[in-house]
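S.K.: how would this look folded up:
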Amino acid sequence: MPRYSVLFVLMVTVSRVLTSCSTVPAANHRLSSLLSAAEFDTLFPKRNPVYTYAGFLKAAEKFPLFLQEGTPTTQKNELAAFLANIAQETTGGWAAAPGGPLKWGLYFAEEQACIKSNCSQYNSAGRSAYVAAPGKNYYGRGAMQISYLYNYGEAGKDLGLPLIQQPELMSTNATVAFETAIWFWMRAQNNKPSCHDVMCLKWKPSPADLQAKREPGFGMVINVINGGLECGSSAGPEARAKRNGRIAFYRYFCSQLRISPDPHCDCTGMAPYVQTENANAEAPRKQ
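M.R.: Now for the predicted structure:
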């Protein structure tokens with residue numbers, strides 16, 4: 001059975017989305033009306049025990065704009081896009097998997113290749129001032145498989161969590177596993193928009209974006225998350241398989257939420273973003 005993992009690399013000099021990362025819980029978060037516990041169970045029947053519906057809901061309450069902007073259809077579309085990406089990052093499925101590969105999202109809580117080897121190369125602080133805690137490693141964990149020391153540091157700082165001292169919280173605490181994933185989703189990355197702004201139609205492409213064929217839709221979210229590997233005509237076979245996995249999950253979740261998927265759900269023709277000079281050095285992502 002293949003094992004998948006993606007390293008999510010955010011840049012330390014990203015802009016903060018303070019209104020999207022409030023620590024004040026939002027009463028009756030929209031998530032509960034968009035997706036019930038029973039529906040969550042149906043969508044993720046093979047999930048790791050750490051990924052609970054209660055943990056997802058509690059994490060969502062910390063982000064008052066997550067799934068709360070736009071029309072009900074727009075909100076469902078954002079939910080489908082978010083679920084598709086966390087499903088792909090944590091999938092344990094393969095082509096002949098029982099029930100089909102789309103039933104195996106949220107299967108892994110940790111990057112499998114690093115459990116024994118620790119992957120200490122991810123202890124890089126980049127251009128940040130973060131210092132690794134003794135004996136700790138910062139490989140992919142949680143619903144978005146966040147990795148690298150500087151990402152753990154930034155997420156911990158924004159969320160008020162001791163993620164440098166206790167990185168294992170991402171893979172053992174249900175709320176933190178989802179909280180860090182939503183944090184990634186809501187946060188703009190230097191010269192890239194946030195995934196949230198793309199899916200709730202707040203992002204408007206610039207002339208340069210239009211020239212690069214970047215347009216609103218699920219394909220643009222793939223570009224934001226891993227465009228350097230998965231988008232454009234030069235993507236290799238493994239990167240294309242990963243991109244196609246995201247699209248397959250997205251279309252599946254749209255069908256389950258009874259909405260139509262975006263017509264622009266592929267990023268094949270889009271140019272990936274080029275890192276700017278003032279950005280933290282972006283480390284390579286493992287396929």
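S.K.: mind checking the SS state of the nearest residue to residue 148 once chain neighbours are set aside?
M.R.: Closest residue in space to residue 148, ignoring its immediate chain neighbours: residue 122 at 5.2 Å, by Cβ to Cβ, 6 or more residues apart in numbering. Backbone N, C-alpha and C define where each C-beta goes, glycine included. Counting by DSSP: H, G, I helix; E, B strand; the rest coil, the backbone at residue 122 sits in helix.
S.K.: And the one 10 residues further on, by the same measure?
M.R.: Under three-state DSSP, the three-state class of residue 132 is coil.
S.K.: count of residues packed around it?
M.R.: 19 (other Cβ atoms under 10 Å).
S.K.: Distance check, it against residue 118.
M.R.: Separation of residue 132 from residue 118 (Cβ to Cβ, to the nearest Å): 11 Å.
S.K.: Distance check, the residue nearest to residue 148 against residue 82.
M.R.: For residue 122, the distance to residue 82 - Cβ to Cβ - is 24 Å.
S.K.: returning to that earlier point: burial check on the residue nearest to residue 148, number of neighbours?
M.R.: For residue 122, using other Cβ under 10 Å, the count is 24.
S.K.: Test my guess that it contacts residue 151.
M.R.: No. Using Cβ atoms under 8 Å, residue 122 is not in contact with residue 151; the gap is 9.1 Å.
S.K.: Can you pull the residues that touch both of these two?
M.R.: The contact sets of residue 122 and residue 151 overlap at residue 138 (Cβ atoms under 8 Å, 6 or more residues apart in numbering).
S.K.: Contacts only, for residue 131.
M.R.: Residues counted as contacts of residue 131 (Cβ under 8 Å, 6+ apart) are 125, 164.
S.K.: show me where pLDDT drops low in this protein?
M.R.: Low-confidence segments of the chain (pLDDT under 70): 1-28, 275-287.
S.K.: the helices in it, which residues?
M.R.: For the chain, applying DSSP state H gives helices covering 31-34, 37-43, 53-60, 72-90, 149-159, 169-172, 174-186, 195-199, 207-211, 218-230, 237-256.
S.K.: the inter-axis angle of the third one versus helix 149-159?
M.R.: The one in question is helix 53-60. 80 degrees (axes from the mean of the first three to the mean of the last three Cα atoms, to 10 degrees).
S.K.: Centre of the chain to helix 53-60, how far?
M.R.: 15 Å (Cα atoms, centre = their mean, to the nearest Å).
S.K.: Output that helix as CSV, nothing but the C-alphas.
M.R.: In CSV, the C-alpha atoms belonging to helix 53-60 read as follows (Å, rounded to 0.1, in the frame of the first residue of the first chain):
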residue,chain,number,x,y,z
TYR,A,53,-15.8,15.6,14.2
ALA,A,54,-15.8,17.2,17.6
GLY,A,55,-12.1,18.2,17.2
PHE,A,56,-12.9,19.6,13.7
LEU,A,57,-15.8,21.7,15.0
LYS,A,58,-13.9,23.0,18.0
ALA,A,59,-10.9,24.0,15.8
ALA,A,60,-13.3,25.8,13.3
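S.K.: Geometric centre of this protein: which residue is closest?
M.R.: residue 144 (4.2 Å; Cα atoms, centre = their mean).
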